[in-house]
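S.K.: no sequence for this one, just the structure:
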């Protein structure tokens with residue numbers, strides 16, 4: 001089995017997630033410029049020309065900024081649900097018809113030896129959705145940009161070998177920070193982003209003996225820090241009886257530096 005991935009970029013400024021097997025390679029979102037994206041691929045010694053397509057989660061700019069440029073440059077098919085297509089088409093430029101595909105929320109698509117399951121989340125976008133990737137008995141779950149993690153979402157992602165999990169903000173940093181109250185209220189709402197503590201509580205419900213890696217993703221540049229997120233999440237999980245650092249590892253992600261290729 002050859003399932004592997006890299007969080008190429010994660011944060012408020014841009015998001016790209018790569019996942020592949022020996023037979024298939026996919027990108028989720030393209031939230032940085034084409035030039036920056038090419039540089040990230042070079043850092044992990046991957047070639048974007050070998051991608052089989054780009055999966056889109058939602059139309060916010062930190063997820064689609066470089067989508068049109070990348071798709072046109074490498075003739076890559078784009079997969080998104082219909083509402084996301086309608087919302088993002090005016091933002092990404094002309095895309096040839098033969099590169100446009102609908103991937104409906106709550107369905108499964110097969111890409112070579114990789115099965116991709118889409119599921120809806122709670123975020124202030126047209127119809128945001130994220131993905132679980134299956135190859136054989138291996139499973140990788142990607143979930144960010146959600147105001148909360150429902151029991152339905154937990155049921156879909158539970159038992160993954162690796163989670164890329166939103167840990168967006170420290171609540172006190174957000175409350176005391178420079179953002180206008182309207183923005184703070186949006187982030188804290190059910191269609192905003194998950195805090196460090198709420199992320200950890202959700203993780204407690206989905207971690208199993210199969211889980212080996214947790215990547216803390218989509219950290220706010222203004223309202224969080226890597227060390228704070230890792231400490232807060234680890235503390236909650238340890239209080240819940242999880243052997244952090246032994247049963248599984250907790251990893252940082254970064255907006256400018258990709259994580260090393262991780263095999264599961």
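M.R.: Arrived safely, thanks for sending. Everything quoted here is computed from the prediction, not taken from an experiment. Numbering: from 1, shown residues only.

S.K.: Residue 109 is in contact with residue 116, isn't it?
M.R.: Yes: Residue 109 is in contact with residue 116 according to C-beta atoms under 8 Å; the separation is 5.2 Å. Heads up, the C-betas are built off the backbone N, CA and C, glycines and all.

S.K.: Report the set of residues contacting both of those two.
M.R.: Common contact partners of residue 109 and residue 116 (C-beta atoms under 8 Å, 6 or more residues apart in numbering): residue 103.

S.K.: Name the residue in those two with the higher neighbour count.
M.R.: A count of neighbours by other C-beta atoms under 10 Å puts residue 116 above the other of residue 109 and residue 116, at 22 against 16.

S.K.: I'd like to know how far that one sits from residue 157.
M.R.: Summarising the geometry, the distance separating residue 116 from residue 157, computed by C-beta to C-beta, to the nearest Å, is 13 Å.

S.K.: what do those two both touch?
M.R.: Common contact partners of residue 116 and residue 157 (C-beta under 8 Å, 6+ apart): residue 132.

S.K.: Could you pull out the helices in the stretch 151-264 of the chain for me?
M.R.: According to DSSP state H, counting those that start in this stretch, the stretch 151-264 of the chain carries its helices in the segments 151-157, 171-176, 181-188, 196-206, 226-239.

S.K.: Any idea what the nearest residue to residue 238 once chain neighbours are set aside is bridged to?
M.R.: The spatial neighbour of residue 238 that comes closest, neighbours along the chain excluded (C-beta to C-beta, 6 or more residues apart in numbering), is residue 244 at 5.5 Å. Each beta-bridge partner of residue 244 is listed here, defined by DSSP bridges: residue 248.

S.K.: what about residue 244, neighbour count?
M.R.: Other residues within reach of residue 244 by the criterion other C-beta under 10 Å amount to 18.

S.K.: isn't it right up against residue 232?
M.R.: No: judged on C-beta under 8 Å, residue 244 makes no contact with residue 232 at a distance of 11.8 Å.

S.K.: residues contacting the closest residue to residue 52 other than its chain neighbours?
M.R.: Counting by C-beta to C-beta, 6+ apart, residue 24 is the residue found nearest to residue 52 once chain neighbours are left out, at 5.2 Å. Taking C-beta under 8 Å, 6+ apart as the contact definition, residue 24 lies against 52, 111, 112, 113, 114.

S.K.: How much space separates the last one from residue 259?
M.R.: Right, the one you point to is residue 114. On the measure of C-beta to C-beta, residue 114 and residue 259 end up 19 Å apart.

S.K.: Over to residue 227?
M.R.: Noted for residue 227: a distance of 17 Å to residue 259, by C-beta to C-beta.

S.K.: about what we covered before: any idea which of the helices of the stretch 151-264 of the chain gets closest to residue 102?
M.R.: Proximity of the helices of the stretch 151-264 of the chain to residue 102 was assessed by C-beta to C-beta; the nearest stretch is helix 151-157, lying at 20.0 Å.

S.K.: I would like the residues contacting that closest one, please.
M.R.: 117, 119, 121, 132, 141, 143, 146, 163, 202, 205, 206.

S.K.: Return the members of these classed as buried.
M.R.: Those of the contacts of helix 151-157 that meet the buried threshold are 117, 119, 121, 132, 141, 143, 146, 163, 202, 206, by 16 or more other C-beta atoms under 10 Å.

S.K.: Kindly reformat those as JSON lines containing distance to residue 94 and pLDDT.
M.R.: Listed next are the buried ones among the contacts of helix 151-157 as JSON lines, based on distance: C-beta to C-beta, whole Å; pLDDT from 0 to 100:
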{"residue": "117", "distance to residue 94": "30", "pLDDT": "98"}
{"residue": "119", "distance to residue 94": "30", "pLDDT": "99"}
{"residue": "121", "distance to residue 94": "29", "pLDDT": "98"}
{"residue": "132", "distance to residue 94": "31", "pLDDT": "99"}
{"residue": "141", "distance to residue 94": "33", "pLDDT": "99"}
{"residue": "143", "distance to residue 94": "31", "pLDDT": "98"}
{"residue": "146", "distance to residue 94": "31", "pLDDT": "98"}
{"residue": "163", "distance to residue 94": "36", "pLDDT": "99"}
{"residue": "202", "distance to residue 94": "39", "pLDDT": "98"}
{"residue": "206", "distance to residue 94": "40", "pLDDT": "98"}
